[in-house]
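Engineer: Below are the sequence and a predicted model for it; my questions follow.
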Amino acid sequence: MKVQILSPGFTTPNSRGLLYPLVLNRKKLRDCGITVTLRNQIGLVRDADVLIIDSKYFKPYWAQSPEYVLELLEKFRSSVDRVLWFNTADSTGSIQVQVFPYVDRYLKGQLLTDRCQYLRSFYGKRIFTQYYHDKYSLIDDREEYSRPLLSSADLDKLELGWNYGLANMYTYSKYWTSRLRYLIPVTHSMFTKLSKDRKKNRENVVFCRMATNYPRKTISFQREQVLRSLKGYTLNSSNVSRWAYFRELKRSLVALSPFGWGEINIRDFEAFASGVPLLKPSMEHLETYPHFYRPWLSYVPFKWDMSDLCENLEKLLEDKNLLANIGETGRNKFLSQLDDAQRNKFVAHFKKIVAADPE
């Protein structure tokens, strides 16, 4: 089977998350009869059984030439057996309803567990922005609503892809991160650098270097409220160098990772790799692959209204065994993705995605 990926390449964390596991497992895929080729130009797409389109490729086109994108999708449908759209946006929301008539499957790295939720419209295009809009009457300066899917047939096209926890980009240097695309194969030593550097003596309690100045109130609210809730702790949220960022992370007892544009953040995997317990809003509303988020096993959840945030943090800090176990479980789950058994699971997952009949 010939699978081609139309993508701008290793240019964003989201696209790297899409591409890295395919690079890493390319030999295993070939052994299963699947050849994967990256295409960064439309004219190079030919002779494919399956075309997977990275949504980032067409991002510049939507504002000025949406008809052009849809015309291209129509042409792709007539030239390849199956067209799969991989929405590499951060959140469970932001579904691009306009492409559904032109694609056979619609992939995301994270999907709402209750797929029927996609039949409704969300304020701010996300389930959690709808929550903060409803509960706290927050109004964004620029109000946006997601477009609901129109039918159960559209729901049937939704398919779980994989998240960017499989990307190799959790290093100290942005310079080297941007150049890892030239290193084939991706090596275990690069992927586990943070884990090897983790410290036993962790004098910082809560790691929370993060931005709060999002242009939408429904996005920034959670982060701002988290900082208010934890005002009894010494919190440093300002920007620092990347080296200082990781130095502080590996010397911390807990890593705080609220939602940003999406539920899953790069910080989650930086914490996992460092063996630092992750403190994060509940993720039980979503499904993702790999499923790194096991409440009170691989991360510590708190409610979206932050009502149990301090209580759960105190519970974690008061129990050294719990603190160590959650950090170790998250780390082991993260690093195990390069084990042969987990790589075989990814290959099986990918085979199901590209199959003519995924069932």
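Structural biologist: Ah, there it is.

Engineer: all helices of the stretch 1-150 of the chain, in order?
Structural biologist: Assigned by DSSP state H, counting those that start in this stretch, the helices in the stretch 1-150 of the chain fall at 13-24, 26-31, 66-79, 127-136.

Engineer: what does the second one contact?
Structural biologist: Put plainly, it is helix 26-31. L22, T35, V36, R343, N344, V347, F350 (C-beta atoms under 8 Å, 6 or more residues apart in numbering). All C-beta spots, glycine's among them, are computed from the backbone N, C-alpha and C.

Engineer: Reformat those residues as JSON lines; add pLDDT, distance to A244 and neighbour count.
Structural biologist: Formatted as JSON lines, those follow (pLDDT from 0 to 100; distance: C-beta to C-beta, whole Å; neighbours: other C-beta atoms under 10 Å):
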{"residue": "L22", "pLDDT": "95", "distance to A244": "33", "neighbour count": "21"}
{"residue": "T35", "pLDDT": "97", "distance to A244": "43", "neighbour count": "14"}
{"residue": "V36", "pLDDT": "96", "distance to A244": "38", "neighbour count": "20"}
{"residue": "R343", "pLDDT": "95", "distance to A244": "34", "neighbour count": "17"}
{"residue": "N344", "pLDDT": "97", "distance to A244": "39", "neighbour count": "13"}
{"residue": "V347", "pLDDT": "97", "distance to A244": "38", "neighbour count": "18"}
{"residue": "F350", "pLDDT": "97", "distance to A244": "38", "neighbour count": "22"}
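
Engineer: And these, which is closest to L286?
Structural biologist: Among the contacts of helix 26-31, F350 lies closest to L286 (C-beta to C-beta), at 20.3 Å.

Engineer: Return the helix or strand in the chain with minimum mean pLDDT.
Structural biologist: Within the chain, no helix or strand scores below helix 188-191, which has a mean of 45 by mean pLDDT, DSSP states H and E.

Engineer: Would you pull up how far the helix or strand hosting R247 lies from the middle of the chain?
Structural biologist: Using DSSP states H and E, R247 sits within helix 242-250. In terms of C-alpha atoms, centre = their mean, to the nearest Å, the centre of helix 242-250 is found 21 Å from the chain centre.

Engineer: Send me it as CSV with only the CA atoms.
Structural biologist: Only the C-alpha atoms of helix 242-250 are listed here, as CSV (Å, rounded to 0.1, in the frame of the first residue of the first chain):
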residue,chain,number,x,y,z
ARG,A,242,15.2,27.4,27.4
TRP,A,243,18.1,26.1,29.3
ALA,A,244,16.9,27.8,32.5
TYR,A,245,13.4,26.5,31.8
PHE,A,246,14.5,22.8,31.8
ARG,A,247,16.9,23.4,34.7
GLU,A,248,14.0,24.6,36.8
LEU,A,249,11.6,21.8,35.6
LYS,A,250,13.9,19.0,36.5
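
Engineer: Report all helices and strands that that helix contacts.
Structural biologist: Packing partners of helix 242-250 (3 or more C-beta pairs under 8 Å, 6 or more residues apart in numbering; DSSP states H and E): helix 193-196, strand 204-207, helix 266-274.

Engineer: Give me the pLDDT value at P13.
Structural biologist: With respect to pLDDT, P13 has a value of 87.

Engineer: Same question for P60.
Structural biologist: Predicted confidence (pLDDT) for P60: 91.

Engineer: could you pull out the helices for the stretch 201-350 of the chain?
Structural biologist: Going by DSSP H, counting those that start in this stretch, the stretch 201-350 of the chain shows helices at 217-229, 242-250, 266-274, 309-318, 320-335, 340-354.

Engineer: count of residues packed around the residue lying closest to R120 once chain neighbours are set aside?
Structural biologist: What sits nearest to R120 in space, not counting adjacent residues and going by C-beta to C-beta, 6 or more residues apart in numbering, is P148, at 5.4 Å. Here the number of neighbours of P148 (other C-beta atoms under 10 Å) works out to 14.
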